[in-house]
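J.: Pasting a predicted model and its sequence here:
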Amino acid sequence: MPSRSEITYFGAGPAALPTDVLETAAKALVDYNGTGLGIAEHSHRSQYATDIINNAKNDLASYLDIDQSVYDILFMQAGGTGEFSAVVYNLVGAWVQNKIFEASKEVTDIPQDELVRRLKEKIANELKLDYIVTGSWSLKAYEEAIRLLGKEYVNLVVDAREHNNGKFGVIPDESTWKLSENAALVYYCDNETVDGVEFPAFPEILRSKPDSDSNPIVVADMSSNILSRRVPVNDHSIIFFGAQKNLGSAGVAVAVVKKTFLPPVTPQPQPDIMRKIGLPVPPIMMEYAPIAKNNSLYNTLSIFDVFIAGQVLKKLLATYPDKVDGQRKVAEQKAQLIYGALDKFPDVYKVVPSKGARSRMNICFRVIKNGDVDAAEKEFLAQATKLGLTGLKGHRSVGGMRASNYNSISLEGAQKLAKFIADFAQS
Ligand SMILES: Cc1ncc(COP(=O)(O)O)c(C=O)c1O
């Protein structure tokens with residue numbers, strides 16, 4: 001069996017974590033800070049837990065330049081998938097609450113029956129959630145919105161497959177996008193982990209205009225590229241990400257939520273109103289307001305997972321004086337090395353996504369050497385594994401190879417893979 005130091009693991013998530021972070025975490029699991037009790041055993045109501053949460057929030061805010069007077073940082077508990085549902089519940093709630101505000105401005109002390117009548121009319125005529133579908137994960141989020149609300153309220157802004165022979169792999173030009181007017185949310189996935197498609201930059205069409213009060217309410221899933229490049233946070237209403245790629249271990253997800261969508265500015269509508277107007281009431285664990293009010297401790301949170309995320313952030317801040325910009329340079333360098341090696345041998349490898357949509361984090365390719373793709377890919381994997389390059393098999397739904405080039409992959413790890421790609425092609 002190989003040792004940890006002999007392996008470079010390119011799995012897509014859970015992903016490899018820095019060894020020193022895991023060593024620190026392993027010690028803390030047994031005895032946190034010389035207390036004789038491990039961090040998973042200390043009460044989530046203890047000062048230790050509060051400090052771990054606050055430090056992780058502050059370090060994340062510092063690393064990504066998140067203004068905590070404008071955004072709340074929440075630790076949530078149902079993974080990235082839980083956030084597919086949470087964003088729908090919370091932003092539909094905010095949309096309804098704004099219609100309630102408007103109605104109460106028009107009629108003071110509006111009777112509930114009249115309010116319900118007006119809301120139902122607005123919902124039928126105006127409620128829309130916009131989804132930009134560029135890969136398997138945004139497709140899942142789109143399907144979840146339909147499951148929770150019904151198809152009539154969910155607008156497919158663009159389906160990238162329609163622009164690429166039925167397959168994901170491109171980001172269609174913004175001129176083809178069909179955005180709704182005043183949507184309750186516009187959703188996109190910044191990096192599609194399964195399909196290797198990443199937005200090269202924030203979509204210009206979604207950019208907020210200063211002083212406008214009808215800016216799009218943008219939601220981004222950044223589960224698989226967060227902490228790897230600068231994010232225009234202020235153009236977003238919600239950014240979420242599962243921890244288990246660049247941030248830490250599976251078990252927590254982070255939601256960065258604009259405070260204007262939280263009480264006191266925007267409370268969630270009363271459950272009885274939501275029932276009367278036929279819209280879903282969120283399970284309490286999916287509602288951002290109670291999680292925010294309790295500094296992510298509405299119920300028992302895995303402080304151990306937050307601790308690991310905190311250690312990863314501390315390491316990033318210590319490694320890169322220019323914070324995420326420093327990490328971005330390395331991420332780009334590593335991605336260029338691997339794509340460069342693949343592009344050098346077009347008879348042997350085919351990169352799946354188009355050039356303009358290539359992910360720096362999940363590098364998806366086929367091995368087409370000698371025409372027998374199955375055999376060539378089996379051989380590629382077998383030889384790579386022998387060299388300690390593991391986790392390279394693509395997602396079961398699309399096949400092929402996928403090198404997940406997350407932050408924990410060192411430059412040397414990427415160089416080793418690039419060299420193997422070249423050697424294999426020439427063998
Ligand atoms: C981009 C993206 N979004 C969402 C998810 C779902 O995350 P989870 O498994 O934490 O529910 C994943 C999982 O890999 C992902 O890569």
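T.: It's in. Residues are numbered from 1 along each chain as shown.

J.: mind listing what's buried in the lengthiest helix in the chain?
T.: For the chain, the helix that runs over the most residues, judged by DSSP state H, is helix 79-106. Residues 79-80, 82-97, 99-100, 103 are the ones in helix 79-106 that count as buried (16 or more other Cβ atoms under 10 Å). (C-beta placed from N, C-alpha, C; glycine too.)

J.: same thing with stretch 208-227?
T.: Buried residues in stretch 208-227, defined by neighbour count with 16+ other Cβ under 10 Å: 216-227.

J.: Please see if that stretch touches the ligand.
T.: Yes: counting by Cβ under 6 Å from any ligand atom, the ligand is contacted by stretch 208-227 at 221, 223-224.

J.: will you turn those into a markdown table that also has distance to Leu389, pLDDT and secondary structure?
T.: As requested, the residues of stretch 208-227 next to the ligand are arranged in a markdown table below (distance: Cβ to Cβ, whole Å; pLDDT from 0 to 100; DSSP: H, G, I helix; E, B strand; the rest coil):
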| residue | distance to Leu389 | pLDDT | secondary structure |
| --- | --- | --- | --- |
| Asp221 | 28 | 98 | strand |
| Ser223 | 24 | 98 | coil |
| Ser224 | 20 | 98 | coil |
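
J.: before we move on, the earlier item: any chance of the buried residues of stretch 208-227 in JSON lines, with distance to Ile53 and secondary structure too?
T.: Below are those laid out as JSON lines (distance: Cβ to Cβ, whole Å; DSSP: H, G, I helix; E, B strand; the rest coil):
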{"residue": "Pro216", "distance to Ile53": "31", "secondary structure": "coil"}
{"residue": "Ile217", "distance to Ile53": "27", "secondary structure": "coil"}
{"residue": "Val218", "distance to Ile53": "26", "secondary structure": "strand"}
{"residue": "Val219", "distance to Ile53": "23", "secondary structure": "strand"}
{"residue": "Ala220", "distance to Ile53": "23", "secondary structure": "strand"}
{"residue": "Asp221", "distance to Ile53": "22", "secondary structure": "strand"}
{"residue": "Met222", "distance to Ile53": "20", "secondary structure": "coil"}
{"residue": "Ser223", "distance to Ile53": "20", "secondary structure": "coil"}
{"residue": "Ser224", "distance to Ile53": "23", "secondary structure": "coil"}
{"residue": "Asn225", "distance to Ile53": "24", "secondary structure": "coil"}
{"residue": "Ile226", "distance to Ile53": "18", "secondary structure": "coil"}
{"residue": "Leu227", "distance to Ile53": "18", "secondary structure": "coil"}
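
J.: which parts of this protein sit against the ligand?
T.: So the chain meets the ligand at 13, 79-81, 137, 189, 193, 221, 223-224, 242 (Cβ under 6 Å from any ligand atom).

J.: which among those gets closest to Val256?
T.: Nearest to Val256 out of the residues of the chain next to the ligand is Asp221 (Cβ to Cβ; 11.8 Å).

J.: Please name the residues that touch that closest one.
T.: 80, 83-84, 137-138, 141, 187-190, 240-241 (Cβ atoms under 8 Å, 6 or more residues apart in numbering).

J.: Next step: the residues you listed restricted to helices.
T.: With DSSP H as the criterion, helices contain 80, 83-84, 137-138, 141 from among those.

J.: Okay, Pro14 and Gly80: tell me how far apart.
T.: Between Pro14 and Gly80 the computed distance is 12 Å (Cβ to Cβ, to the nearest Å).

J.: need the helices for the stretch 201-350 of the chain, in chain order.
T.: Using DSSP state H, counting those that start in this stretch, the helices of the stretch 201-350 of the chain run over 271-276, 288-293, 303-319, 324-343.

J.: Ranking those helices by mean neighbour count, which comes first?
T.: helix 303-319 (a mean of 22; mean count of other Cβ atoms under 10 Å).
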